[in-house]
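A.B. asks: quick one: sequence plus predicted model below, questions after.
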2 protein chains.
Amino acid sequence: MEVTRQNFKDCLSTVYSAIEEADFLAIDGEFSGISDGPNVSALTNGLDTPEERYTKLKKHSMDFLMFQFGLCTFRYDSAKSKYITKPFNFYVFPKPFSRTSPDIKFICQSSSIDFLASQGFDFNKVFGHGIPYLNQDEEAQLREQTEERRNQHANGLGTPSFISPSSSKVPAHVPDEQKDYINKVVEKVERLFNGNGKTLNLDPCTGFQRKLIYQTLSWKFPKGLHVETLETEKKERYIQISKVDEEERKRREQQKLEKEQEELNNAVGFSRVIHAISKSGKLVVGHNMLLDVMHTIHQFYCPLPEVKSDPFSIPVVLLDTKLMASTQPFKELINNTSLAELEKQAKETPFKPPQVETAEGFPSYDTAQEQLHEAGYDAYITGLCFVSMANHLGKTTNFSSTFGRVWALFPFHLLFLMRIIDIPYLNITGPDLQPKRDHVLYVTFPKEWKTSDLYQLFSAFGNIQVSWIDDTSAFVSLSQTDQVQIAMNTSRYAESYKIQTYADYIQGKQQEKEKLGQP
Amino acid sequence: MEVTRQNFKDCLSTVYSAIEEADFLAIDGEFSGISDGPNVSALTNGLDTPEERYTKLKKHSMDFLMFQFGLCTFRYDSAKSKYITKPFNFYVFPKPFSRTSPDIKFICQSSSIDFLASQGFDFNKVFGHGIPYLNQDEEAQLREQTEERRNQHANGLGTPSFISPSSSKVPAHVPDEQKDYINKVVEKVERLFNGNGKTLNLDPCTGFQRKLIYQTLSWKFPKGLHVETLETEKKERYIQISKVDEEERKRREQQKLEKEQEELNNAVGFSRVIHAISKSGKLVVGHNMLLDVMHTIHQFYCPLPEVKSDPFSIPVVLLDTKLMASTQPFKELINNTSLAELEKQAKETPFKPPQVETAEGFPSYDTAQEQLHEAGYDAYITGLCFVSMANHLGKTTNFSSTFGRVWALFPFHLLFLMRIIDIPYLNITGPDLQPKRDHVLYVTFPKEWKTSDLYQLFSAFGNIQVSWIDDTSAFVSLSQTDQVQIAMNTSRYAESYKIQTYADYIQGKQQEKEKLGQP
Ligand SMILES: Nc1nc2c(ncn2[C@@H]2O[C@H](COP(=O)(O)OP(=O)(O)O)[C@@H](O)[C@H]2O)c(=O)[nH]1
Ligand SMILES: Nc1nc2c(ncn2[C@@H]2O[C@H](COP(=O)(O)OP(=O)(O)O)[C@@H](O)[C@H]2O)c(=O)[nH]1
């Protein structure tokens, strides 16, 4: 089901109940780019530590926009012995909800945009009809602002941007050039007060004039008037003044309150879906989901921890199908863990095709006719892969025992780490693996050097593995740890290049950090 | 005429001849945003100096993308006593043209994107079919790379990313784990060499393997082979090896050269239009065109000067219709200089509706059915406004004398300065006006203060004008210069706020800059 700003409100209860009844959820996101600094391969160095990878992604990926969010809910129907799926494809965009709301800037990376365009991605839908959202801080701030404006209004004052600490106790200070204008307004209002008419629409005017009008009227006519700022079709703001008795005034206040509440909910928008997922506490699967999880938290929920080791908890249970597919016992059965390939392999022997059915009223995806890189479709097939693999583990369709086996093998919150040689996953809420890197050297050299020069340099040490850091440094993994000392010795007098052990390199970086941390 | 990547090559000669025959050109651009830092009103402070404004725009606006460029050419047809117009609407996007080309990042501002979306802007056309471009530096770099690759290839070596300084003189150093693979390739090539076949396609392989193949083959078979890297439909790269005699080899080299040249031209793409405009040396009109001019230079031409005072020349003649409309004699005749309003007023008395006709084969715009914020349309009506105002000056349709009068009143290259109180324009290629700001005070205060507090503070000094800088500082212009000293005196013992004269403020900033400039 495609969800945009236009049908979001109508779909929300469908989304809520789909989440509520689900046994697990699958998610996927599409972004406007990946890295605003280093190229993608430098961003994902083969010997990053999980901490380093997290810090790099937080620094270089979070200013991109997640503009499509796919959610597919899976509910096991034991009568049918099938999973019933409800796929949603949300278009998301930070449309400013008012003149004073934050004007978000986000980055686009031309390669990512070009790739999505070539897949038929509909940018017009995102930018024209994307659902707005707020993270919890922004929501709290907006609630506070609304509250404040309401209180001020109750005191007969204008919009918050025009309140002065000094203005509530004295008559408005009207600058000379405005005196004429304000006097004319007061005359008009006096005529309204004494005449038969009920409302008076002033001509559009500046914000400063509106402030003066609010202040002057609340001073001169403390009772019996309702003053409100409205907008013309051309978005010009003007003031409407109505004569009201006390009952009418209360009714209007109530109406206004409800309208404000509604506007607030609209502004929170898509984040309400994320709140529902988070409250459900359910299993959320994704494929290679580290960036999806980080973007989802950052954009719709709360600021990401400064460093990975900061305490952080996640209210749902995360499981990464790419990690699952590349770990025992699946590692032997699956030779390509990319989502499209995994989906194909996970329905062939020794797996069984997952038994699924799209819920009534939802357009059903056809996996034969791949719609890859639409977030809703990707979430759907991620769920299919999970079901196949989970069933294979349980060798039974009995739901709870299958899940029990999954948990035994794949503890929660472990997210696949792209391209890291010796650490398969990052634990997003706890400590990470500490791989042994005794056989790794940190090498610096002139920028003219190529991979072949490193091969040549280390040719005496048999097979090596090169992980480029930037164009003057790389990690070189030797095949045997006992050769590290020999390599260090032979390099002692070299001038064009330098070698450090991995341990020394890490220690040096640590010291540098501490130095920077101290004043 | 709408121009995208798909019809660009076919349209180019039409564009060139339209520019060549034109009497003047009108341009307009649409951007993905305006300011990545301060909000728009802080970006355009009422008392910026032209130098400051330029620096702010360069710093905060240039990372946005100009993704639609409107060009409308105007040719005066004396037989018809009419201008014949040719409007073009170019969609522009920095599509990466190869694996190694720069991957441009650009910023989007949600308010700008939302505004364009509400006007029906077609983002899918931009991102899916935008014409690529390169500025002169990028073009030179690409030419150099192509040249280099050609030379290396002539020496029998692979793509530039796989050349090592040490590899041209010795046989390739093949790491152990690749030896088997390379030996098998050599066997296959030997069979090709001795057999009847003409070509051999190897299976797709890694870049490193391709490098080894290139090096090994050029060492073992220095003559009689043509080795080339091709791509499968799935974008996997593989090597094709062909047996060739000398003539065939030359023919292929020639073909390759032509293909490279074509690819280069494609990569330069839309910038070729800008080169043509620049070479034409013609009059280019725009409405409020400072940002358009800066973006055009920056994106398609060359780096912008670091500071405005750096020497810089512009090969065309720039004229800003917003500046024209807000200067004598038009100032009195036009009360709203926004493009849409100007267009309406410039065809009513005392102006005459401009006599124009769209050239054959071009879709004609109807000004009654406004298509504002499509760059091609905006360029078109900018030209109309210019014609009306120029005709009004000349009170004659005689072309050259009209233009003579325009130049007498509006020297070249003066661009309208948005919202600056006392300097109407910025001279993009020369020194700027130095307004007297003796009556201006620089005031700092607690961030709780509002405009009304400033009015109150200066209430003794009559009318004032406030130009906010940020939330703790503003410029306050007094109506009389002789009051400045009195205001300074009364403020001497104030604790909550501070006042400086404008001259002291500027001097302080200058000193700060000099301090930063020194080591
Ligand atoms: N000096 C040098 N630097 C390299 C070479 N290959 C890669 N690098 C550097 O390492 C970074 C990551 O390279 P790599 O993993 O090959 O990814 P790529 O940039 O996508 O080709 C690059 O951005 C370069 O700065 C090389 O052959 N020589
Ligand atoms: N303290 C304070 N700062 C203001 C006030 N009005 C504007 N500013 C500051 O000046 C900047 C420019 O303001 P303004 O020209 O009114 O434009 P706006 O931000 O679009 O309303 C704002 O971003 C604020 O930092 C005010 O009443 N009080």
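C.D. replies: Noted; the coordinates are in hand. Model, not experiment: these values are computed from the prediction. Ligands and ions are numbered 1, 2, ... in the order given.
A.B. asks: how about the residues of chain A near ligand 2?
C.D. replies: Within reach of ligand 2 by C-beta under 6 Å from any ligand atom, chain A has no residues at all. Where you see a C-beta, it was placed from the backbone N, CA and C, and this is true even at glycine.
A.B. asks: for chain A, longest helix please?
C.D. replies: Here the longest helix in chain A is taken by residue count, with DSSP state H as the criterion, and it is helix A:246-268.
A.B. asks: residues of it that come out buried?
C.D. replies: Of the residues in helix A:246-268, those scored as buried under the neighbour-count criterion (16 or more other C-beta atoms under 10 Å in any protein chain shown) are A:264, A:266, A:267, A:268.
A.B. asks: just give the number of residues close to the residue of the stretch 101-250 of chain A found nearest ligand 1.
C.D. replies: The stretch 101-250 of chain A approaches ligand 1 most closely through residue A:111 (11.0 Å), counting by C-beta to the nearest ligand atom. For residue A:111, the count of nearby residues is 22 (other C-beta atoms under 10 Å in any protein chain shown).
A.B. asks: wait, doesn't it sit right on residue B:97?
C.D. replies: No - if you go by C-beta atoms under 8 Å, residue A:111 and residue B:97 don't touch, sitting 10.9 Å apart.
A.B. asks: sec struct for residue A:75, please.
C.D. replies: Three-state call for residue A:75 (DSSP: H, G, I helix; E, B strand; the rest coil): strand.
A.B. asks: what sits against it?
C.D. replies: By C-beta atoms under 8 Å, 6 or more residues apart in numbering or on different chains, the residues touching residue A:75 are A:21, A:22, A:23, A:83, A:84, A:85, A:86.
A.B. asks: looks to me like residue A:229 is in a helix.
C.D. replies: No - according to three-state DSSP, the state of residue A:229 is strand, so it is not within a helix.
A.B. asks: looking at it, it is touching residue A:241, isn't it?
C.D. replies: No - counting by C-beta under 8 Å, residue A:229 sits too far from residue A:241 to count as a contact (10.7 Å).
A.B. asks: same drill for these two, tell me which one is more crowded.
C.D. replies: Here residue A:229 and residue A:241 are set side by side on neighbour count (other C-beta under 10 Å), and the busier one is residue A:241, at 22 against 15.
A.B. asks: report the beta-bridge partners for the more buried one.
C.D. replies: With DSSP bridges as the criterion, the beta-bridge partners of residue A:241 are residue A:200, residue A:227.
A.B. asks: do I have it right that residue A:461 meets residue A:479?
C.D. replies: Yes - counting by C-beta under 8 Å, a contact exists between residue A:461 and residue A:479, whose distance comes to 7.5 Å.
A.B. asks: which of those two has more neighbours?
C.D. replies: Between residue A:461 and residue A:479, counting by other C-beta under 10 Å, residue A:461 is the more crowded of the two (18 against 12).
A.B. asks: mind telling me what element the residue lying closest to residue A:118 once chain neighbours are set aside is part of?
C.D. replies: For residue A:118, ignoring the flanking residues on the chain, the nearest one in space by C-beta to C-beta, 6 or more residues apart in numbering or on different chains is residue B:128 at 7.6 Å. With secondary structure defined by DSSP states H and E, residue B:128 is part of helix B:123-129.
A.B. asks: for that helix, C-alpha coordinates in PDB please.
C.D. replies: What follows is the C-alpha trace of helix B:123-129 in PDB, where atoms were taken according to Å, rounded to 0.1, in the frame of the first residue of the first chain:
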ATOM      1  CA  PHE B 123      11.900  16.500 -10.200                       C
ATOM      2  CA  ASN B 124      11.800  13.200 -12.100                       C
ATOM      3  CA  LYS B 125      12.800  14.900 -15.200                       C
ATOM      4  CA  VAL B 126      15.700  16.600 -13.500                       C
ATOM      5  CA  PHE B 127      17.100  13.500 -11.700                       C
ATOM      6  CA  GLY B 128      16.200  11.000 -14.500                       C
ATOM      7  CA  HIS B 129      17.000  13.000 -17.600                       C
END
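A.B. asks: near chain B at all, the longest helix of chain A?
C.D. replies: No - with C-beta under 8 Å from any C-beta of the partner chain as the threshold, helix A:246-268 lies outside contact range of chain B, at a closest distance of 13.0 Å.
A.B. asks: contacts for that helix next, please.
C.D. replies: Residues outside helix A:246-268 that contact it (C-beta under 8 Å, 6+ apart) are A:9, A:97, A:101, A:132-134, A:139, A:142-143, A:146, A:150, A:226, A:244, A:272.
A.B. asks: most neighbours out of these, which is it?
C.D. replies: residue A:133 (26 neighbours).
A.B. asks: give me the phi and psi angles of it.
C.D. replies: For residue A:133, the backbone dihedrals (degrees, to the nearest 10) come out as phi -160, psi 160.
A.B. asks: wait, doesn't it sit right on residue A:299?
C.D. replies: Yes - under the criterion of C-beta under 8 Å, residue A:133 lies in contact with residue A:299, with a separation of 6.7 Å.
A.B. asks: overlap in contacts of these two?
C.D. replies: Where contact means C-beta under 8 Å, 6+ apart, the residues bridging residue A:133 and residue A:299 through contact with each are residue A:92.
A.B. asks: and for residue A:61, the neighbour number?
C.D. replies: Residue A:61 has 23 neighbouring residues, counting by other C-beta under 10 Å.
A.B. asks: my guess is it contacts residue A:291. True?
C.D. replies: Yes - in terms of C-beta under 8 Å, residue A:61 counts as a neighbour of residue A:291; the distance is 6.2 Å.
A.B. asks: identify the contacts common to those two.
C.D. replies: In contact with both residue A:61 and residue A:291: A:31, A:34, using C-beta under 8 Å, 6+ apart.
A.B. asks: for the stretch 401-519 of chain A, give me the ranges with low pLDDT.
C.D. replies: For the stretch 401-519 of chain A, applying pLDDT under 70 flags the ranges A:401-405, A:407-409, A:518-519.
A.B. asks: which residues of it fall in strands?
C.D. replies: Listed from the start of the chain, the stretch 401-519 of chain A has strands (DSSP state E, counting those that start in this stretch) covering A:414-416, A:425-427, A:440-444, A:464-470, A:473-478, A:498-501.
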